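Chemist: quick one: sequence and predicted model below, then my questions.
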Amino acid sequence: MISLFSKSENLVGLDIGSHSVKLLELQSSNDALRLVNMGVAPLQRESFVEGRLTKPEVVAETIRMLASHLKVKRKSVAVSISGYDVMIKKIELPTMTEDELAARMQSELGQYIPYNIDEVDVDYQVVDASKDRPNFMDVLLVAAKKESVTDFNNLLKLAGFDPLVVDVDFFALSNSFEATFGFGDERVALLDMGANKTLLNIAHKGVPIFTRSISVGGNQLTEAIKDNFHISFEEAEAVKLGESEHKYPTKDLEEIFVSTVSGWVTQCQRALDFYFHNFPDDKISSVYLSGGCCQIPGLDKVFREHLDIPVEIFNPVARIHHDSKQIDPAYVEYVGPQMAISFGLALRKNREK
């Protein structure tokens, strides 16, 4: 059974997305964290198709080149999976000992997981006593498809690394937030917006209580710009990030941006409405945006205007000490929001399996 829950440190955090690879190293001393290394490398288009790895050799070479450029010496890494290859479910069980719980999960696991048990790795953790039923406890259950875990393990070995921990994006995101901003008693919504999907993680005291993978991301905006101006995907990507917008009519760009991002907000609002329907008394205090889409100028403002909840950019790296001579503070500010998941992965310990 693989470990999907416990937090830690000292591994290289490697977030492999459909658009880029993010690598981050931390060092801890006396409970204080220090940023040692971080970097981002773009991936060839269609390295992943519909969430599946299609060009392992190309991705492995990108990882090797990024690690070489950053002069990474450690070979033990933590990586994460998400999307349809992961199921997260909270169940209620009678209060029992760890041994009793292990025996029960072994015998009754099939009734909780909609997969063939032989095709998934499973982990679980008791998170709290049930607030509605005396003598019951809440257990968080996670199932990850073995095929996906194997794909990532093989990829990392091909890149010359030793994959010690396979985590889940939702948990890495929670751990990243807890280690930097910290969870109080309020519920917060973490939205990590990537190229092809957005992860919604509503967490309470560090525990994900509602998770969704939403099919919206930065590539939709890039494609809209590309189609409107009949330019290459690469040029459209530069326009999206504000690097070449002066070449094109501002009014047209604003219309494309508002139309696309409004669609993102609508999809995210639907997921939040589903949460409120199921947890009507559990309000959300704040929304934190991370991921590559945070580089899009004005994105947080649009979310702030449409959601009746405070919205902030989540940059975990900005709160961690680093040597400004080795890592440019401007780079920390620009890239930091993309590193939320890799930061959470870099909190894992090399003794975990």
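Modeler: Right, received. Where do you want to start?
Chemist: isn't there a helix covering residue 77?
Modeler: No: according to DSSP: H, G, I helix; E, B strand; the rest coil, the state of residue 77 is strand, so it is not within a helix.
Chemist: next, count neighbours for it.
Modeler: 26 (other CB atoms under 10 Å). Quick note: C-beta positions are derived from backbone N, CA and C, even for glycine.
Chemist: that one: what's it in contact with?
Modeler: 11, 12, 13, 14, 156, 161, 162, 163, 164, 165, 345 (CB atoms under 8 Å, 6 or more residues apart in numbering).
Chemist: quick check: which ranges of the protein have low pLDDT?
Modeler: 1-9, 50, 245, 350-353 (pLDDT under 70).
Chemist: longest helix anywhere in it?
Modeler: Using DSSP state H, we find that the single longest helix of the chain is helix 250-278.
Chemist: just the buried positions in that one, please.
Modeler: Of the residues in helix 250-278, 253, 256, 257, 260, 261, 264, 265, 267, 268, 271, 272, 275 count as buried by neighbour count, 16 or more other CB atoms under 10 Å.
Chemist: over to stretch 160-175?
Modeler: Buried residues in stretch 160-175 (16+ other CB under 10 Å): 161, 163-175.
Chemist: what's the first-to-last distance across that stretch?
Modeler: 26 Å (CA to CA, to the nearest Å).
Chemist: still on that earlier bit, how about the contacts of residue 77 in CSV, adding distance to residue 233 and secondary structure?
Modeler: Listed next are the contacts of residue 77 as CSV, based on distance: CB to CB, whole Å; DSSP: H, G, I helix; E, B strand; the rest coil:
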residue, distance to residue 233, secondary structure
11, 34, coil
12, 30, strand
13, 28, strand
14, 25, strand
156, 28, helix
161, 29, coil
162, 35, strand
163, 31, strand
164, 36, strand
165, 34, strand
345, 28, helix
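Chemist: follow-up on the earlier one: identify the farthest-apart pair in the buried residues of stretch 160-175.
Modeler: Spanning the widest gap among the buried residues of stretch 160-175 are 161 and 174, at 24.1 Å by CB to CB.
Chemist: coming back round to it: how far out from the middle of the chain is the longest helix of the chain?
Modeler: Relative to its parent chain, helix 250-278 has a centroid offset of 20 Å by CA atoms, centre = their mean, to the nearest Å.
Chemist: thinking again about what came up before, could you dump the buried residues of stretch 160-175 to TSV with secondary structure?
Modeler: Shown next, in TSV, are the buried residues of stretch 160-175 (three-state DSSP):
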residue	secondary structure
161	coil
163	strand
164	strand
165	strand
166	strand
167	strand
168	strand
169	helix
170	helix
171	helix
172	helix
173	helix
174	helix
175	helix
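Chemist: for those, which one is nearest residue 148?
Modeler: Nearest to residue 148, judged by CB to CB, of the buried residues of stretch 160-175 is residue 166 at 8.8 Å.
Chemist: thought that closest one was touching residue 144?
Modeler: Yes: contact between residue 166 and residue 144 holds when scored by CB atoms under 8 Å: they sit 7.1 Å apart.
Chemist: got the domain boundaries for the protein?
Modeler: 1-84+146-181+316-353, 182-313 (automatic domain parsing).
Chemist: return the most buried member of the ones you listed.
Modeler: Highest mean neighbour count among the domains of the chain (mean count of other CB atoms under 10 Å): domain 1-84+146-181+316-353, with a mean of 19.
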